[in-house]
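> next input, structure requested:
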Amino acid sequence: MSDLSIKLNDTAGAAAELPVAGIYSRISLDDFLIPNPAKTLLIRCPNDSQAAQGFHRGDLLVIDQSQLPRTGQWVIKVTNDEVSIHQIVNQSAHTSHSDSEILGAITYRIGKLP
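The predicted structure is shown next:
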């Protein structure tokens with residue numbers, strides 16, 4: 001990859017150039033995070049119940065509905081209109097209950113840095 005310059009606007013409106021090696025000049029987060037837009041949901045993390053695993057209230061979760069959940073994967077589950085985050089522990093034990101639905105697999109978590 002060649003060296004690129006990234007232009008940043010300062011407060012006066014003048015552009016400053018910073019040399020950055022190995023970075024693309026333009027990138028679409030849609031292309032990177034959402035390979036299948038028709039089967040993708042964006043959901044805010046509802047609470048801090050899985051904070052120890054890195055999911056914090058307000059994080060943006062990218063949900064892929066085209067994937068079948070696999071053992072070890074994190075999913076969004078809806079039970080009685082309540083959204084929660086669960087990890088699939090045993091794929092063969094994963095069954096659909098009439099009062100709950102798995103919306104899809106969490107593929108990315110976008111959160112604010114402290």
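> right, and residue 37 touches residue 30 too?
Yes: at 7.3 Å, residue 37 counts as touching residue 30 under the criterion of Cβ atoms under 8 Å. No exception for glycine: its C-beta is placed from N, CA and C like everyone else's.
> when these two are compared, which one has more neighbours?
Counted by other Cβ atoms under 10 Å, residue 37 and residue 30 do not tie: residue 30 has more neighbours, with 10 against 7.
> so that one, which of the three states?
helix (DSSP: H, G, I helix; E, B strand; the rest coil).
> any idea how far it lies from residue 67?
Shown here: residue 30 relative to residue 67, a distance of 18 Å by Cβ to Cβ, to the nearest Å.
> contacting residues for the closest residue in space to residue 36 that isn't next to it in sequence?
If the residues on either side of it in the chain are set aside, residue 36 comes closest to residue 66, at 5.1 Å by Cβ to Cβ, 6 or more residues apart in numbering. Counting by Cβ atoms under 8 Å, 6 or more residues apart in numbering, residue 66 touches 36, 39, 104.
> hmm, 10 Å instead?
35-36, 38-40, 104-105 (Cβ atoms under 10 Å, 6 or more residues apart in numbering).
> check it and give its pLDDT.
On the pLDDT scale, residue 66 is placed at 93.
> cool, and residue 108?
pLDDT, residue 108: 95.
> now it, what's its secondary structure?
In three-state terms, and counting by three-state DSSP, residue 108 is strand.
> burial count for it?
Residue 108: 16 neighbours (other Cβ under 10 Å).
> same check, this time on residue 27
Neighbourhood size, residue 27 [other Cβ under 10 Å]: 9.
> that one and residue 57, how far apart?
Distance of residue 27 to residue 57, given as Cβ to Cβ: 28 Å.
> so which of the contacts of residue 66 wins on neighbours?
Within the contacts of residue 66, most neighbours by other Cβ under 10 Å means residue 104, with 22 neighbours.
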